[in-house]
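>>> build me a structure from this.
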Amino acid sequence: MNFKLLNIMFFVCSMAFAIGGKGPLELYKTGLKNEKPHYLDDIGIEEHLGEKVDLGLEFKDSDGRTVKLGKYFAEKPVFLMLAYYNCPTLCSLHFSSLMKSFRGFDWNVGEKFEFVVVSIDPREGPKDAKDAKNLYLSEYNRPGSEKGWHFLTGEEETIKKLASQVGFKYVWDSNMEQYAHAAAAYALTPNGVLSYYHYGLNIDPKVMRLSLVEASENKIGNIVDRLVLFCLQYDPNKKTYAFYAYNIMRVAASLAALVLIFFLARFWLRERGNEV
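Numbering: from 1, shown residues only. Prediction:
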């Protein structure tokens, strides 16, 4: 019985090696390569920093009113997210992660910045937007911030225009019957210029705050925020802020000069007092 089993195993292994002259490990790797969904090359994020989005694009808000995107761009920076409200996996995780980040600093949504979400699914409508808005407002749990939340839906052509402008690449997976897309969010200036890209599900609240300060052109935030931001610079390789040595040296030199002036002033005043 054991001899027959060995013969069968030898035959199977021989056939595996015979196929294209490849061993089992190589065949496994080839299989993985062949199973890669073709659409994966068509999803991702392309940075368009410094470019302006079209504020004339029209959408429907969660109350069913037709609105222009520019309605939410005035004096405050905007935190923008592209997702869809009935997404079965990634979007809900992304939303929950954002709520955690929003709760990580003391600004309420709508106080210093606006939060705008645009659905990438043209089949969704105002009811889907309202249900999602209410769900995440309850998770955010900061009463009085409702006016800063804007959940939108739109026509496919309009959605694709905005997605293209912010570099959000996504495709419809007909096999899974859902959209394949990456997780990203954007900080924009009050006039609609892309200022910062946030990647992934876990956004550091401190980085989020700094990105909004930068997008506001230092119109929000305190002196500490501005000083920290002055010492940082966006690193395109790390996709986040990194310390900028030159500006750190400038700050250190300025502080040293202030300390020197302080002690010289004290010394001068003391000498004058002695002369009198």
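
>>> packing partners for the helix or strand that contains residue 207?
In this structure, residue 207 is located in helix 205-215 according to DSSP states H and E. Other helices and strands packing on helix 205-215, by 3 or more C-beta pairs under 8 Å, 6 or more residues apart in numbering; DSSP states H and E, are strand 78-83, helix 90-102, strand 184-188, strand 194-199, helix 223-230, strand 240-243. All C-beta atoms are positioned from the backbone trio N, CA, C, and that covers glycine.

>>> angle of the fourth one against strand 78-83?
This points to strand 194-199. Angle of strand 194-199 versus strand 78-83, following axes from the mean of the first three to the mean of the last three C-alpha atoms, to 10 degrees, is 40 degrees.

>>> sorry, back to before: adding mean neighbour count and mean pLDDT, write the helices and strands packed on helix 205-215 out as TSV.
Listed next are the helices and strands packed on helix 205-215 as TSV, based on neighbours: other C-beta atoms under 10 Å; pLDDT from 0 to 100:
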stretch	mean neighbour count	mean pLDDT
strand 78-83	24	97
helix 90-102	19	93
strand 184-188	24	95
strand 194-199	20	92
helix 223-230	14	41
strand 240-243	15	43
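
>>> can you put the ones you listed in JSON lines and add distance to residue 132?
As requested, the helices and strands packed on helix 205-215 are exported to JSON lines (distance: least, C-beta to C-beta, whole Å):
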{"stretch": "strand 78-83", "distance to residue 132": "9"}
{"stretch": "helix 90-102", "distance to residue 132": "8"}
{"stretch": "strand 184-188", "distance to residue 132": "15"}
{"stretch": "strand 194-199", "distance to residue 132": "19"}
{"stretch": "helix 223-230", "distance to residue 132": "30"}
{"stretch": "strand 240-243", "distance to residue 132": "28"}
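
>>> between the ones you listed, which one is nearest to residue 67?
strand 78-83 (13.6 Å; C-beta to C-beta).

>>> neighbouring strands of the closest one in the sheet, and parallel or not?
Here strand 78-83 is paired, per DSSP bridges, with strand 114-119 (parallel), strand 184-188 (antiparallel).

>>> show me where the protein has its strands.
Assigned by DSSP state E, the chain shows strands spanning 44-45, 58-60, 66-68, 78-83, 114-119, 149-152, 168-169, 171-173, 178-180, 184-188, 194-199, 232-235, 240-243.

>>> what's the fifth one in contact with?
Counting by C-beta atoms under 8 Å, 6 or more residues apart in numbering, strand 114-119 makes contact with 59, 69, 72-73, 76-85, 102, 109, 128-129, 132, 148-154, 159, 162, all of which sit outside it.

>>> ditto for the fourth one
Defining contact as C-beta under 8 Å, 6+ apart, one finds that strand 78-83 is touched by 72, 91, 94-95, 98, 109, 113-120, 162-163, 166, 168, 170, 181, 184-188, 190, 192, 208, 212, 215.

>>> ok, stretch 99-106 next?
109, 115, 136, 139-142, 203-206, 208-209.

>>> now stretch 136-148
95-96, 99, 102-103, 108-111, 113-115, 149.

>>> farthest pair in the residues you listed?
Farthest pair in these, by C-beta to C-beta: 96 and 111, 21.4 Å.

>>> quick one, the helix holding residue 207 and strand 194-199 angle?
160 degrees.

>>> identify each buried residue in helix 205-215, please.
207, 208, 209, 210, 211, 212, 213, 214, 215 (16 or more other C-beta atoms under 10 Å).
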